[in-house]
Every structure is written in C-alpha cells, then in structure tokens.
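Asker: Structure for the following, please:
(one chain, ligands or ions: 1)
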Amino acid sequence: MNPLKIDVISTFPGIVETFAEMGIVGRAFKQNLAQLNVWNLRDYADDRFRHIDDEPYGGGPGMVIKPDPIFRAFDDIRSRYPDEALHTIYLTPQGKPFNQEHAQWLSTQEHLVFLCGRYKGIDQRAREALVDEEFSIGDYVLSGGELAAFVMIDAIIRLLPDATSDGDSVISDTFPFGLLDAPLYTRPAEYRGMQVPEVLLSGNHAEIEKWRLEHRLERTKQRRKDLFEQYMRRLEDRDNEQGQ
Ligand code: 6GU
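Answerer: Numbers count the residues shown, from 1 in each chain. The predicted structure is shown next:
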C-alpha cells in the first residue's frame with residue numbers, strides 16, 4: 001500500500017515534528033506507512049518581518065491570519081503533488097466534532113493537509129477557497145490548531161494497516177463497537193487484597209465475552225448516555241430490517 005501522505009501547515013512546526021517522533025505514530029512514519037511534511041506558515045509571509053497576521057476588519061480584539069500566506073502555502077504544496085487529490089482540513093472549535101468514524105475514513109485517503117490556525121483564526125476567504133472539512137476535537141478552546149491536528153493524526157495513523165502489531169486490539173477498542181471498553185486486568189490475580197473477577201480466570205471464552213459485553217453496556221450507559229442510546233437505536237434498526 002502507498003504511504004498516507006500528511007502535510008501540516010503551522011506557525012509552530014516544531015510542535016508537530018516533536019509529536020511525530022513518538023510511539024506508534026513515530027514508528028509508522030519511520031516504517032513509511034505514512035509520510036509527514038510540516039510547513040512553516042511564516043515562510044510564506046510576504047514582508048521581511050514575516051508578519052502573517054493583521055487586525056480584523058470591523059474591529060475587535062485579537063489578530064487574524066492573512067489570506068496571502070495561506071494561499072501561497074497551499075499553492076506550494078499543490079505544485080509539488082500535481083496529480084494527487086488533496087483532502088484539506090482546518091482545525092477550529094467551530095468545526096464538526098471529530099470522532100472515530102472520521103478517523104476511519106480519513107485513514108483511507110491518499111493525502112491529507114492540515115491547516116493549523118493561531119490568534120483569533122484565519123481569513124474567511126482561505127476557509128472557503130481552500131478547506132474541504134473543518135474539525136474540532138472538543139468543546140474547549142486551544143491556543144492553536146497544532147495539538148488538535150496531532151490528536152487527529154494519532155487517531156488516523158494507528159488505524160493504518162500494520163501500524164499496530166496487534167490489529168485485533170485496534171478493532172476491539174472503545175469506539176468501533178460504539179461502546180466504551182470493558183474493565184481490563186492483568187497479573188497478579190490478587191493485588192493488595194483486590195481480586196480479578198473470577199470469570200476472567202475461568203478460561204470459558206463464551207462466558208468472558210458475555211461478561212465483557214455486559215460491562216461495556218453498563219459503563220456506556222453510566223458514562224455516555226448519548227453513545228448508549230445511539231447503540232440501542234442501531235440494534236433496533238437492525239432487528240427491524242431483519243424482521244422484514
Ligand atoms: Cl481544532 N482548534 C482550537 N484552536 N481549539 C480547539 C479545537 C481546535 N478543538 C477544540 N478546541
């Protein structure tokens with residue numbers, strides 16, 4: 001399979017490069033399952049002071065990233081990959097909430113470009129002309145898009161075939177089921193008086209799977225009513241389809 005190409009446009013390229021060296025993600029880049037290019041937005045500034053921001057039209061606090069450096073960065077990236085379909089993503093608290101399904105779909109793309117904002121944000125014209133999708137990673141405000149881009153990149157890369165030594169573990173994680181994961185235990189069977197549930201020691205795989213599903217349901221119902229209800233609706237829909 002071709003490596004997934006990932007380009008990140010940022011005013012702090014060092015942050016992104018540091019994250020890209022660690023753990024499963026770092027190994028995936030080293031093994032060429034994915035290729036990372038980080039572009040410094042300031043390299044596309046058109047003045048010698050490398051200014052990329054200016055005051056917002058209409059007034060108000062904060063600064064806005066000018067369209068020109070962003071358009072020029074995109075022109076540069078496009079010119080290097082003339083035959084590829086680029087899928088471009090802007091990170092913003094106004095984007096749609098990023099989830100596991102998005103990660104799955106994005107992991108099948110050929111080439112992703114992440115644009116990280118700073119300050120109050122970027123000029124609207126760059127968003128409209130250059131960006132395919134806008135994502136948020138949650139309802140809070142970060143000082144820049146870099147961490148959010150990397151949250152997404154981590155979630156995407158670990159889904160690439162061969163990124164993890166144990167592909168089954170990725171499939172049984174929390175979200176692919178639409179349910180939170182069940183409690184996990186490892187040796188010893190008793191620790192400081194606390195016991196591992198008996199059924200997990202039984203070797204009875206059917207019973208173990210039943211126990212795990214019960215706990216997934218219980219945990220999800222307690223902690224994430226939204227996911228629980230979605231799961232139950234999906235079960236109902238499936239039952240109805242089969243009934244017809
Ligand atoms: Cl994608 N960017 C910023 N700056 N803050 C965020 C976010 C993104 N998602 C949640 N908060």
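Asker: Can you point out the buried residues in the longest strand that the chain contains?
Answerer: In the chain, assigned by DSSP state E, the strand with the most residues is strand 87-97. With burial defined by 16 or more other Cβ atoms under 10 Å, the residues of strand 87-97 counted as buried are T88, I89, Y90, L91, T92, P93, G95. For glycine as for every other residue, the C-beta is placed from the backbone atoms N, C-alpha and C.
Asker: next SSE after that strand?
Answerer: Going down the chain from strand 87-97, the next helix or strand is helix 100-106, by DSSP states H and E.
Asker: who's in contact with E21?
Answerer: Taking Cβ atoms under 8 Å, 6 or more residues apart in numbering, we find E21 in contact with F29.
Asker: what does the one 5 residues further on give?
Answerer: For G26, the residues meeting the contact criterion (Cβ under 8 Å, 6+ apart) are A20.
Asker: how much space between it and A163?
Answerer: Distance, G26 to A163, using Cβ to Cβ, to the nearest Å: 11 Å.
Asker: Over to M194?
Answerer: In terms of Cβ to Cβ, M194 sits 34 Å off from A163.
Asker: likewise G59?
Answerer: Taking Cβ to Cβ, one finds G59 at 47 Å from A163.
Asker: And those two? Which one has more around it.
Answerer: A163 (20 against 6; other Cβ atoms under 10 Å).
Asker: Verify the stated contact: the more buried one with I157.
Answerer: Yes: judged on Cβ atoms under 8 Å, A163 makes contact with I157 at a distance of 5.7 Å.
Asker: Report the set of residues contacting both of those two.
Answerer: Common neighbours of A163 and I157 (Cβ under 8 Å, 6+ apart) are I24, A28, L33.
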